[in-house]
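> Provide a 3D model corresponding to the input given below.
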Amino acid sequence: MEEEEIIVKTKSYAFVALLASLAVAAPLQVSANQPLPAAGKTVQVQVVPALMEQADKALEQAKKMLPYLDQYPYKVVEPGEGGQVVVVLQQSKETPFPRISLYVDGSTGEWKGFHRMNGGTTPPSTYSLDKAIEKATAFMKKWYGEGMGDYQYNPSLTASADSIVFSRGVNGIPLQNDSVMIDVDSSGEIVGKTVMASLALSRDKYVFPKPEGVITKDQAEKELAQYLRLQYETKEGSAALRYTFAFSGELDAKTGKDTGENSYHKIIQVQPKGEAPVAKNAAEAAAFLAKRGIQTEGAVASEDIMEKFNRKTIEWTKDEERIATVVIDTKTNSLLSYENTAHVIAGGSKEKKITAEQALQTAIKEIETYLPASEKEVMLLESPRYMKHGNTYRAEFALLHEGIPVREWRYEVNVDAETGKVIKTSLSVRKQVNFPKADQAIDPAEAAAHYVKEFPLTLVYTLGETDQQARLVYKAADVVRGQRVDAVTGKVLSWKE
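Here you go, the predicted model:
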């Protein structure tokens, strides 16, 4: 008989049962009066037959679409989040990676998606984007039928051959919030299908305006030039001149203006105090944290040194929870960052009591403490961004060279949105770098033309979380994640470069 491993997970415990495939009988039951085993302990349990039936049905369907699954004979079945059943396939019990996870609806037994994990970092795909789109389109037709379930390729959400995105059409226009992502590896194999989480928004509650009175794509692409900003990027003592995008990534389809409310690349006048904290060891780092209101008494400190980057990370742990983290330059003992880690792990505070402007003023005071006295101004890269997880605002600043921000000379401050206290600060320093002259840069309009030639803007619908009116916008591909244009050659650079 073939042996299967069934893992049933709860929040703090894992029950593992090694059962013969024909020995599945009564439903899994754990009595409320029965003491739970300690985490990591193994007990014999019985498994719900319906769970195995759903898993086997999904696996049979998956193998028809993905013949390479025959290379993964070892099967682990486990309940997943949101009532899902997860079928994990491995080449053997002793070979955890690569592995394939199939996601099955626990109520209907419908196979919803899958994902391959290789273990560690997967390098960017070397497969061509055009071929990846062809492969992904063919797979979508296999899954949804020849009409692809009204999904269509959405270039505004596709920035590389790794992940090809399709969005369902409304009035013939892609709806951003109803999308499916197909992963393609360097050999052209389909290795993942994910229904993007924003699909949880019910489209039936929204009004979709007709695409009347919108500007043309050519007009929208010309508007893009006004949102390009120069920045320097440094590496090994030299610098390159780039254009980066300073907007939300969406342009109003009628006006061509940024739909976001944030401001970008704003010069801030500062009054530095010039403090330069150093810490030779964990005790000195703990003393620094205490001055910042972060107590480490009774916690255990551990160190991790990355010699290649001259970095040392010190973490304090108490009751198996990290409570604080400090990063130090091992050459100079200069403190590079500190964080109230316990606040982050706990999910932060609950109420948002301060505004983005108040958070900004707190962040400015924080960096003024550590900025060298020679610095008279910095650039706020974007208005403080509110992060729901952790209930914090994040403000990022950059030091300037002849009025142009340097990407690697960056300060970051996270502020608690309830208490207004600083939760995390990352510092930076100037280094000796050879900078090219800014007058070498091509015109922003020319840079924008290079960008849209490779990544044309796409007219899409997008839904908000509160307003019941869908918005028509022209979407740029992936600019928020870090696409730039070489300001000298016009070459479009991805966030990976």
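> Show the end-to-end separation of stretch 411-431, please.
Across stretch 411-431, the terminal residues are separated by 15 Å (Cα to Cα, to the nearest Å).
> count of neighbours near Ile314?
Number of residues near Ile314 (other Cβ atoms under 10 Å) recorded here: 23. Using the backbone N, CA and C atoms, a C-beta is placed for each residue, glycine as well.
> How about Ile364?
The burial count assigned to Ile364 is 20, neighbours taken as other Cβ under 10 Å.
> tell me the secondary structure for the residue nearest to it when sequence neighbours are not counted?
Nearest in space to Ile364, with sequence neighbours left out and distances taken as Cβ to Cβ, 6 or more residues apart in numbering, is Ile268 at 6.3 Å. Counting by DSSP: H, G, I helix; E, B strand; the rest coil, the backbone at Ile268 sits in strand.
> ditto for Glu368
Looking at Glu368 with three-state DSSP, the answer is helix.
> quick revisit: need the contact list for the residue nearest to Ile364.
The neighbours of Ile268, taking Cβ atoms under 8 Å, 6 or more residues apart in numbering as the test, are 364, 377-380, 397.
> so what's it scoring on pLDDT?
Ile268 is assigned 97 on the pLDDT scale.
> bridging residues for it?
According to DSSP bridges, Val378 are recorded as the beta-bridge partners of Ile268.
> With the one 10 residues further on instead?
Listed beta-bridge partners, Val278: Ser334 (assigned using DSSP bridges).
> Would you agree it is in contact with Leu336?
No - using Cβ atoms under 8 Å, Val278 makes no contact with Leu336, being 10.7 Å away.
> out of those two, which sits in the busier spot?
Looking at Val278 and Leu336 with other Cβ under 10 Å, you find the greater number of neighbours at Leu336, namely 19 against 13.
> can you tell me the helix or strand for the more buried one?
strand 335-339 (DSSP states H and E).
> can you pull the buried residues of that strand?
Residues of strand 335-339 classed as buried under the neighbour-count rule (16 or more other Cβ atoms under 10 Å) are 335-339.
> Just the pLDDT for the closest residue to Val492 other than its chain neighbours.
Take Val492 and drop its neighbours on the chain: the residue closest to it by Cβ to Cβ, 6+ apart is Glu454, 4.8 Å away. Taken from the predicted model, the pLDDT recorded for Glu454 is 85.
> Need the contacts of Ile268 in a markdown table (columns: distance to Ala477).
Formatted as a markdown table, the entries for the contacts of Ile268 read as follows, by distance: Cβ to Cβ, whole Å:
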| residue | distance to Ala477 |
| --- | --- |
| Ile364 | 33 |
| Glu377 | 33 |
| Val378 | 30 |
| Met379 | 25 |
| Leu380 | 25 |
| Phe397 | 27 |
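> For Ala253, state which of those residues is nearest.
In terms of Cβ to Cβ, no member of those lies closer to Ala253 than Leu380, at 28.5 Å.
> Am I right that the closest one is in contact with Arg394?
No - Leu380 sits out of contact with Arg394 when judged by Cβ under 8 Å, with a separation of 11.6 Å.
> Report the distance from the strand or helix carrying Lys63 to the chain centre.
Assignment of secondary structure by DSSP H and E places Lys63 within helix 49-65. Per Cα atoms, centre = their mean, to the nearest Å, the displacement of helix 49-65 from the mean C-alpha position of its chain is 31 Å.
> just checking, what packs against that helix?
Here helix 49-65 touches strand 3-9, strand 74-79, strand 84-92, strand 95-105, strand 111-117, helix 129-144, going by 3 or more Cβ pairs under 8 Å, 6 or more residues apart in numbering; DSSP states H and E.
> where do the strands sit along the stretch 201-350 of the chain?
Using DSSP state E, counting those that start in this stretch, the strands found in the stretch 201-350 of the chain span residues 228-235, 238-245, 250-252, 264-269, 300-306, 311-318, 321-329, 335-339.
> could the ones you listed go into a markdown table alongside distance to Ala470?
As requested, these are arranged in a markdown table below (distance: least, Cβ to Cβ, whole Å):
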| stretch | distance to Ala470 |
| --- | --- |
| strand 228-235 | 28 |
| strand 238-245 | 24 |
| strand 250-252 | 13 |
| strand 264-269 | 26 |
| strand 300-306 | 47 |
| strand 311-318 | 45 |
| strand 321-329 | 42 |
| strand 335-339 | 39 |
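> And those: which comes nearest Trp409?
Checking the strands of the stretch 201-350 of the chain against Trp409 by Cβ to Cβ gives strand 228-235 as the closest, at 7.8 Å.
> And that closest one, what's buried?
Result for strand 228-235 [16+ other Cβ under 10 Å]: buried residues 228-234.
> Please state the offset of that strand from the chain centre?
Relative to its chain's centre, strand 228-235 lies at 22 Å (Cα atoms, centre = their mean).
> then that strand to CSV, C-alphas only?
The C-alpha trace of strand 228-235 is given here as CSV (Å, rounded to 0.1, in the frame of the first residue of the first chain):
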residue,chain,number,x,y,z
LEU,A,228,9.9,61.6,-14.2
ARG,A,229,12.6,62.7,-11.8
LEU,A,230,16.4,62.4,-11.8
GLN,A,231,18.2,60.3,-9.2
TYR,A,232,21.7,59.0,-8.8
GLU,A,233,22.4,55.3,-8.1
THR,A,234,25.8,54.4,-6.7
LYS,A,235,27.8,51.2,-6.9
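> Counting by contacts, list what it packs against.
When contacts are defined as 3+ Cβ pairs under 8 Å, 6+ apart, strand 228-235 sits against strand 238-245, strand 404-416, helix 444-454, strand 484-486.
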